[in-house]
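>>> What would the 3D arrangement of this be:
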Amino acid sequence: MAGEGERLMTAEGADSPRDLYTWFADSVRDHGDRVALETDADCLTYRELAALADALAAEILTACGGSVPRRVGLTTTPGLLTYAGYLAVLRLGATVVPLNAAFPAARIASITRAAGLDLYLADRLPEPEGPDVTVLCLSEDLLARLREGVAADLPPRAAVLPEDFAYLLFTSGSTGAPKGVPVTHRNIDAFLRYVIERYELGPGCRMAQNIGLAFDPSVFELFGAWGSGAALVVPPRRELAKPAAFVGREEITHWFSVPSVITMAHLTGNLAPDSMPSLRWSLFGGEQLTVQQATAWRAAAPQSTLENLYGPTEVTIVCTQYRLPERVEEWPRTANGTLPIGPVYPHLDHRVVDAEGRPADEGELCVRGVQRFAGYLDENDNRGRFLDDAGRPAEPAAGRHVPGEKDWYRTGDLVQVLDGGVLVHLGRIDQQVKIMGQRVEIGETEAVLREQDGIGQAAVVAVRGEDGRMRLEAAYTGPPRSAARLREALSERLPRYMVPQKFTHLAELPMNHNGKLDRRVLTEQLTAAGG
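Below is the predicted model of the structure:
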């Protein structure tokens, strides 16, 4: 492992970590004439994509008055300049901060302040209440000008440290505000070294780009392809629910998505048997994968190796893998009907502990190692999230809430340990849920709901619909309120997937014998009322 002060440069030995841009630059050098990016309307080689990224990097420098920015916000709206923008920011040695274009303006402004952005690469001019930061609009006019082929006047690449931030993502926070999760070049380098080899990525492979750039699995798609000389193929958004048609037409070899995609495609008749013969690898994560979902996908892509993956953003995208046996009848049957997620990556350490921090066969999964992040952007968010070797809450050093290198990250996920270190995901120890693979801290939604005028108590639960998809429902006390107005008010602060689909007025919320909210009873009440 590289030393603390060692620079990440291409000329270093093969065992030295590479910064994220160098993964791409090495493919430009080795596979310059191969396709790097395909969209609905465009197809760029590695050399052409690098030239576009360089030209955009020069525009960024101009927008910043000639100074190299430290952190740059990036729209997640798919487009040539969005993908080139990701590379341009890294080319300058800055940190990419994806800003979900579907987020309310108030949330984007909050993240902008928390991240300390120097620039925002937006697909359109922000609303008046949007971020107070310099904006460079990634317009069609800018794209046309950059594609004229004018050579970019760029300074030499600055040295990048292994512990510098490659990208910074904001996840739902239980305190009512998003939490910043910085991922270093060392973190992502270790991940890419492992997965590119494991999934046989390289020239001739075609990776689908299914996942929004505000979510970390997209980094696997982008740089799994660009770090290996493969092609990144972006499906039209309208085809996300029709994977077989897209995979078949574009001869996709590598697929990664949330399992909900299987359910949607299967229910709508868009997952016919033997409809995806080109697929070599089918990877799923972000949600529990059921036997029924995996069976439907296997029938549609019988030549594909299928793996169930798991990993929190804090441990750099993915940290466990379970490869399903070739024969469906050999698939394990678990108590909760989901397929295993383990074992943990061989270059990471893990523990399963009970509520007292003691080793257990069923309990919370804790992970440490080269992919574990170094702590949240706001140090206060680190409290209670790490354990020391004795299983005790890690004590902050010198008054700072920064985890030590050997501390264990508490994932908050409950797992069961089977033979051979295989893990089964059982659920959460807190109120975090996944909606279409996107992490939601129910406490954040509840906090915004409680702030509305006239609301007394408020609680939000996740319920599973007949289509197998999770959705949020809310209950509240106080005077009855218009559900439409509540939904509108929450939509001004929260992403759409964090806004409850239903609001139910109750005289009082159900409590258990300890005087605490009984979420099980509440869920049963709301499910019965809806059914």
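>>> Just name the shakiest helix or strand of this structure by mean pLDDT.
Lowest by mean pLDDT, DSSP states H and E among the helices and strands of the chain is strand 432-435, with a mean of 72.
>>> May I have it as CSV, with CA atoms only?
In CSV, the C-alpha atoms belonging to strand 432-435 read as follows (Å, rounded to 0.1, in the frame of the first residue of the first chain):
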residue,chain,number,x,y,z
GLN,A,432,-33.2,3.3,7.2
VAL,A,433,-34.9,1.8,4.1
LYS,A,434,-34.2,1.4,0.4
ILE,A,435,-36.6,2.8,-2.1
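>>> distance between stretch 454-466 and the chain's centre?
Between the mean C-alpha location of stretch 454-466 and the chain-wide mean there is a distance of 25 Å, by Cα atoms, centre = their mean, to the nearest Å.
>>> what sits up against it?
Contact with stretch 454-466 is made by 433, 435, 440, 442, 445-446, 449-450, 470-479, 481, 500, 508-509, 517, 519, 522-523, 526-527, 530, as judged by Cβ atoms under 8 Å, 6 or more residues apart in numbering. To be clear about C-beta, it is placed using only N, CA and C from the backbone, and glycine gets the same treatment.
>>> and it, which residues are buried?
Residues of stretch 454-466 classed as buried by neighbour count (16 or more other Cβ atoms under 10 Å): 455, 457-463.
>>> residue ranges for the helices of this structure, please.
For the chain, the helices defined by DSSP state H cover 20-31, 46-63, 80-91, 105-115, 140-146, 185-198, 217-226, 243-250, 260-267, 291-300, 442-450, 483-491, 519-530.
>>> Which one, of those, ends up nearest to Asp354?
For these, proximity to Asp354 was assessed by Cβ to Cβ; helix 519-530 is nearest, at 21.5 Å.
>>> Next, count neighbours for Leu339.
Residues near Leu339, counting by other Cβ atoms under 10 Å, number 23.
>>> Apologies, that question was intended for Val353.
Under the criterion other Cβ under 10 Å, the count of neighbours that Val353 has is 17.
>>> ditto for Lys502
By the criterion of other Cβ under 10 Å, Lys502 has 15 neighbours.
>>> do the one 5 residues further on as well
Other residues near Ala507 come to 5 when the count uses other Cβ under 10 Å.
>>> tell me the contacts of it?
Ala507 sits next to Thr477 when contact means Cβ under 8 Å, 6+ apart.
>>> Likewise for Val35?
Counting by Cβ under 8 Å, 6+ apart, Val35 touches 43-46, 231.
>>> now the contacts of stretch 454-466: which count as buried?
In these, the ones that pass as buried (16+ other Cβ under 10 Å) are 433, 435, 440, 442, 445-446, 449, 470-477, 481, 500, 509, 517, 519, 522-523, 526.
>>> With Leu414 as the reference, name the closest of the helices of the chain.
Across these, Leu414 has its closest neighbour in helix 519-530 (15.5 Å, Cβ to Cβ).
>>> are any of the contacts of Val35 buried, and which?
Among the contacts of Val35, those buried by neighbour count (16+ other Cβ under 10 Å) are 44-46, 231.
>>> and of these, the nearest to His266?
Looking across those and measuring by Cβ to Cβ, the closest to His266 is Ala231, at 27.4 Å.
>>> nearest residue to the closest one other than its sequence neighbours?
Excluding its sequence neighbours, the residue lying closest to Ala231 (Cβ to Cβ, 6 or more residues apart in numbering) is Val35, at 4.4 Å.
>>> can you tell me how far the one you found sits from Leu240?
Applying Cβ to Cβ, to the nearest Å, the value for Val35 to Leu240 is 22 Å.
>>> Likewise for Ala528?
Relative to Leu240, Ala528 is positioned 33 Å away (Cβ to Cβ).
>>> Which of those two has more residues huddled nearby?
Comparing Ala528 with Leu240 by other Cβ under 10 Å, the one with more neighbours is Leu240, at 16 against 8.
>>> hmm, back to that, out of the contacts of Val35, which comes closest to Arg18?
Using Cβ to Cβ, the contacts of Val35 come closest to Arg18 at Tyr46, 16.0 Å.
>>> Was I right to think the closest one contacts Ala25?
No - using Cβ atoms under 8 Å, Tyr46 is not in contact with Ala25, being 9.3 Å away.
>>> so Leu142 sits right up against Glu59, yeah?
Yes - the pair Leu142 / Glu59 is scored as a contact, 7.1 Å apart, by Cβ under 8 Å.
>>> what's the overlap in contacts for those two?
Listed as contacting both Leu142 and Glu59 by Cβ under 8 Å, 6+ apart are Leu136.
>>> Looking at these two, which is more packed in?
Neighbour count, other Cβ under 10 Å: between Leu142 and Glu59, Glu59 has more, with 19 against 15.
>>> That one contacts Ser139, doesn't it?
No - with contact defined as Cβ under 8 Å, Glu59 does not count as touching Ser139 (11.2 Å).
>>> Now Leu44: closest residue in space, sequence neighbours ignored.
Leu37 (4.8 Å).
>>> and that neighbour, what does it touch?
43-44, 49, 80, 83, 231-232, 234.
>>> And for Ala122?
Applying Cβ under 8 Å, 6+ apart to Ala122 gives the contacts 73, 75, 99, 135-138.
>>> Recalculate using a threshold of 7 Å.
Counting by Cβ atoms under 7 Å, 6 or more residues apart in numbering, Ala122 touches 75, 135, 137-138.
>>> Could you list the low-pLDDT ranges of the stretch 51-200 of the chain?
Applying pLDDT under 70 to the stretch 51-200 of the chain flags residues 126-131, 149-152, 173-176.
>>> so what's the closest residue to Thr82 other than its chain neighbours bridging to?
Excluding its sequence neighbours, the residue lying closest to Thr82 (Cβ to Cβ, 6+ apart) is Thr75, at 5.9 Å. Under the criterion DSSP bridges, Thr75 forms beta bridges with Leu99.
>>> Okay, Thr75 and Arg206: tell me how far apart.
25 Å.
>>> Looking at the two now, which is surrounded by more residues?
Thr75 (24 against 21).
>>> doesn't Leu121 make contact with that one?
Yes - judged on Cβ atoms under 7 Å, Thr75 makes contact with Leu121 at a distance of 6.1 Å.
>>> Overlap of the contact sets of these two?
In contact with both Thr75 and Leu121: Leu138, using Cβ under 7 Å, 6+ apart.
>>> which other residues reach the lengthiest strand in the chain?
As assigned by DSSP state E, the longest strand anywhere in the chain is strand 408-417. Applying Cβ under 7 Å, 6+ apart, the external contacts of strand 408-417 come out as 312, 314-315, 351-352, 361-368, 372, 385-387, 423-430, 432.
>>> which among these end up buried?
312, 314-315, 351-352, 363-368, 372, 385-387, 423-426, 432.
>>> quick one: which of those sit in strands?
351-352, 363-368, 386-387, 423-426, 432.
>>> Give me the lowest-pLDDT entry from these.
Confidence by pLDDT is poorest for Gln432 among those, given 68.
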